[in-house]
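take a look and give me a structure for this.
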Amino acid sequence: MARSGLLKGIRPTTLLSNQLYELELIHRATVQAAAEGALDGFGQPTITWVDETTDVHCRLNWRSVTEKLWQFEGVVADYKLFVHNDVDVPETRQIVDITDKDGVVVDAGPFDIISRQRFDTEEYHHQELLLKRAARSGRGKG
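Numbering: from 1, shown residues only. All right, here's what the predicted structure looks like:
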């Protein structure tokens, strides 16, 4: 299995692997869940995002992921976010307020989660989330 770029070339024991991986998680983020808000002018509930989990240890990598559909190619994800496997981050959530370990905002987001892949082997215990910057128009995904 190819490594994801973190700790490339190192084959530590499981315990050491987890400790080294923690050192690579140099960012913190907030996971938000969608909730129904006030009614809009048409009597429909708006979507409000509320903090569900804060101070999630993570690492944000800036890289575009493209897919080709027929003859057209388009960006499907702008970023890759690495988090521990023990963090529950369903694709219906969004990521906001990514900071460095000192609390300085790296990117406020919001980001939609395009996909999530878990790695739970002897060497790896993390998730890779593909993120796309959210474009909100009063209604969110939920």
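
can you pull out the strands in this structure?
27-39, 45-69, 72-84, 94-100, 105-107, 111-120, 125-133 (DSSP state E).

where does this protein have low pLDDT?
Applying pLDDT under 70 to the chain picks out residues 1-23, 64-77, 121-124, 135-142.

if we can go back for a sec, now mean neighbour count too, for the strands of the chain, in a markdown table please.
C-beta: built from backbone N, CA, C; applies to glycine. A markdown table is the format used below for those (neighbours: other CB atoms under 10 Å):
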| stretch | mean neighbour count |
| --- | --- |
| strand 27-39 | 17 |
| strand 45-69 | 14 |
| strand 72-84 | 16 |
| strand 94-100 | 20 |
| strand 105-107 | 15 |
| strand 111-120 | 16 |
| strand 125-133 | 20 |
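
next, count neighbours for residue 40.
11 (other CB atoms under 10 Å).

that one and residue 46 touch, don't they?
Yes: Residue 40 sits in contact with residue 46 when judged by CB atoms under 8 Å, with a separation of 5.3 Å.

convert stretch 49-56 to CSV, retaining C-alpha atoms only.
Taking C-alpha atoms only, stretch 49-56 is exported to CSV below (Å, rounded to 0.1, in the frame of the first residue of the first chain):
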residue,chain,number,x,y,z
TRP,A,49,-24.4,25.1,10.9
VAL,A,50,-23.5,24.4,14.6
ASP,A,51,-20.3,23.3,16.1
GLU,A,52,-20.3,19.6,16.8
THR,A,53,-16.6,18.9,17.6
THR,A,54,-13.9,21.4,18.2
ASP,A,55,-10.1,21.2,18.5
VAL,A,56,-9.9,18.2,16.1
